[in-house]
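S.K.: Have a look; sequence and predicted model below, questions after that.
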Amino acid sequence: MAKIDLIRNIGIAAHIDAGKTTITERILFATGQTHKLGEVHDGTAVMDWMDQEQERGITITSAATTCSWHKHTITIIDTPGHVDFTAEVERSLRVLDGMVAVFCAVGGVEPQSETVWRQADRYCVPRVVFVNKMDRLGSDFAGVMAQLREKLGASPVAIQLPIGSESDFCGVVDLLAGKALYWDDDQELDFREAEIPQDMQAAVEAARQTLWEAVAEGDDELLELFLEGEALPVERVVEVLRRQTIAGQIVPVLCGSGLKNKGIQPLLEAVVDFLPSPAEVPPVCGQHPENKEEIERAAKNSEPLAALLFKVAMMEGRRLVFLRIYSGTLAVGQEIFNPRLKKKEKVSRLFQMQSHKKNRIEKAVAGDIVVVMGIKHSATGDTICTLSEPIILPGMEFTVPVISAAIEPQRNSDLDKLWDSLAKLADEDPTFQIKMDDETGQVVISGMGELHLEIIHERLRQEFNLESNLGKPQVLYQETITKEAVSTAEFERIDEEEKERQFARLTVKVVPCQRDAGNEIAWGSDVGVKLSEAFKTAVVEGLQEVLSSGPVQGYPLVDVELRIVTVEGENHDFTKVALKVAGANAARQALEAAAPAMLEPIMETEIIVPEENLGDVIGELNGRGGRVLEIDSQEHFSRITADVPLQRLFGYTTALRSATKGRGSFAMKSSRYDTIA
């Protein structure tokens, strides 16, 4: 069991095809965790263990593994790069202490890498950058550095310079050690140290001055030496650079080629030297579930247990939950408490993960990321603690699904099995939803994109032995209102036999809110009648049901305030049914009078095309209702950034390939919902 200051919990994240999994495979080999290099393109990568990952050559689910480097225990989570699986990145960054952000030396800052960077900003995750694929045609280390500053607002500082570029890339200059590192054999991870090439002396000196200046700004002692022109002591520079990295003031930048085995050991050294241990990040903050009092828990075994359940996975038919332990300890057989559910659970087994392989352990401590078997009810984002010292940690926010499709089993007798299997997959994935369409009786699944739904469809066959038919994907629209409206409705029912009367009259006002403000149900300052809490709850339940189905086409309503203005009637006539129905009818009438509008998902799309096809591609985009935001011309290609309605992007891959003779590519990420033009 490693000391807490020797633990590193890191994620490797980037845009799709930037080389995250390849780098992780090299790290596992360099640390002795594996004895053979796995390759993504061969389907042999340890971290891409799912059948779909091996078939498609992409990462779909975040995989955790643990390795050792110079007495340090490093837990690595390799995250997906595809936009459809952004939830995997979100929940991983929520529990990690540091991140290696991988950027392609040719593509630079791409859409999904920008999304990941913003997610890391939100969770204040310190990071180092690895510029990968320096051996590729068009690689540009300085260009990526400039994009980090301009597009991400980061403060990158190179601690390495590449020796050679494109096919001539053969090593790096370590600016801190003042040495050149060469990898002579593309098949081996071993490197040799040498003197810095003579023709690079000026560039190295300029880069070192930039590095010294950036570090000196964070320390008075170093600043004094720097201003006097003195050499800065390397040990002190590393110490201050570490402090600045953890504080988010500086981002150290390294480079290499994962596929050609160049730059892996220095990257491991940077993880150890510059990214924090669990003890170096601020104490986790939460609330007491009853009195909402703020509580802090430091990363110590002596503190009460506080852990976050950040992932559920079904493996070999068993429900496994991934926990990040922030404080306290967790042991096999221990009884734990979920304050959201107010339920006790029991730890039957504990594991440390090596991708999909489980190594049994008896105890986990503060700072550990472990997998637990036996937790049946807790879900993603739940806090795990002790009954005597409860705490609720901040959860996670996930993107709303933007696409849906009907799905049905090939045999009618498998309908129950289909629903149960989909429920298990929805338990794993917060961005995947299932529902039964009341009108058609079909099962409808919703997710982040076509690929997301295709993967679900394949998993039903491969993991649950269930053949099914997936319908044509449909965009998930939303509805809102564009003006205020007020309506009154009443409910009356008289039971002649019982001589009982149920009656309530409610007036409800609807008000449009700003985009992304969410829905709100509010009570007026004086509604006229004092209702019990049970009756108030009945009214709110009725209004919440109304928000789930809008007046235009029955899509969910967003950014609407429903305000109960008045409640009329006698208390002895009120019933839950009367209040609920009257309130719901008043809200529906008001919504219909409030100029309702449809909203559609808009995708921020980045298209990379050869220069000669630029005009044709822009014309095609305009025809699809796209709005070009930016055109960035590079030496070999042009990068177009545009907002395009998701509905218009169906089939765009084929159209783009046709327009560019197969040389164009595009990626997209969810931007916002907007009114249909």
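M.R.: Thanks, I have it. All values derive from a computational prediction rather than experimental measurement. Numbers count the residues shown, from 1 in each chain.
S.K.: so who does Glu239 touch?
M.R.: Shown here is Glu239, which makes no contacts under the criterion CB atoms under 8 Å, 6 or more residues apart in numbering. Where you see a C-beta, it was placed from the backbone N, CA and C, and this is true even at glycine.
S.K.: And what about it, helix, strand or coil?
M.R.: Going by DSSP: H, G, I helix; E, B strand; the rest coil, the secondary structure assigned to Glu239 is helix.
S.K.: any idea how far it is from Asp219?
M.R.: According to CB to CB, to the nearest Å, Glu239 stands 9 Å off from Asp219.
S.K.: Sketch out the helices for the stretch 351-500 of the chain, chain order is fine.
M.R.: Residue ranges of the helices in the stretch 351-500 of the chain, as given by DSSP state H, counting those that start in this stretch, are 415-428, 450-464.
S.K.: Comparing the ones you listed by mean pLDDT, which bottoms out?
M.R.: The stretch with the lowest mean pLDDT among the helices of the stretch 351-500 of the chain is helix 450-464, which comes in at a mean of 87.
S.K.: Now do it and helix 415-428, the angle between them.
M.R.: Here helix 450-464 points in a direction 120 degrees away from that of helix 415-428 (axes from the mean of the first three to the mean of the last three CA atoms, to 10 degrees).
S.K.: Distance from the chain centre to helix 450-464, please.
M.R.: Between the mean C-alpha point of helix 450-464 and the mean C-alpha point of its chain there is a distance of 20 Å (CA atoms, centre = their mean, to the nearest Å).
S.K.: again, but for stretch 449-464
M.R.: The gap between the average C-alpha position of stretch 449-464 and the chain average comes to 20 Å, counting by CA atoms, centre = their mean.
S.K.: in it, what counts as buried?
M.R.: Within stretch 449-464, the residues scored as buried using 16 or more other CB atoms under 10 Å are 449-460, 463-464.
S.K.: one step back: tell me which of the helices of the stretch 351-500 of the chain lies nearest to Asp185.
M.R.: Evaluated with CB to CB, these place helix 450-464 nearest to Asp185, the distance being 37.0 Å.
S.K.: re earlier: now the helices of the stretch 351-500 of the chain in JSON lines, with distance to Arg505?
M.R.: Listed next are the helices of the stretch 351-500 of the chain as JSON lines, based on distance: least, CB to CB, whole Å:
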{"stretch": "helix 415-428", "distance to Arg505": "40"}
{"stretch": "helix 450-464", "distance to Arg505": "45"}
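S.K.: Following element in sequence after the least confident helix or strand in the chain by mean pLDDT, please.
M.R.: For the chain, counting by mean pLDDT, DSSP states H and E, helix 51-56 ranks last in confidence among helices and strands (a mean of 47). Beyond helix 51-56 in the direction of the C-terminus, DSSP states H and E gives the next helix or strand as strand 63-69.
S.K.: Could you name the helices and strands sitting against that next one?
M.R.: helix 20-30, strand 72-78, helix 264-274, strand 349-354 (3 or more CB pairs under 8 Å, 6 or more residues apart in numbering; DSSP states H and E).
S.K.: Parallel or antiparallel, list what pairs with the last one.
M.R.: Its sheet considered, strand 349-354 pairs with strand 357-361 (antiparallel), strand 369-373 (antiparallel) by DSSP bridges.
S.K.: which of those sits most buried?
M.R.: Greatest average neighbour count among the strands paired with strand 349-354 goes to strand 369-373 (a mean of 23), per mean count of other CB atoms under 10 Å.
S.K.: Report the angle between that one and strand 63-69.
M.R.: Strand 369-373 runs at 130 degrees relative to strand 63-69, counting by the same axes, to 10 degrees.
S.K.: what is the orientation angle of strand 369-373 with strand 72-78?
M.R.: 70 degrees.
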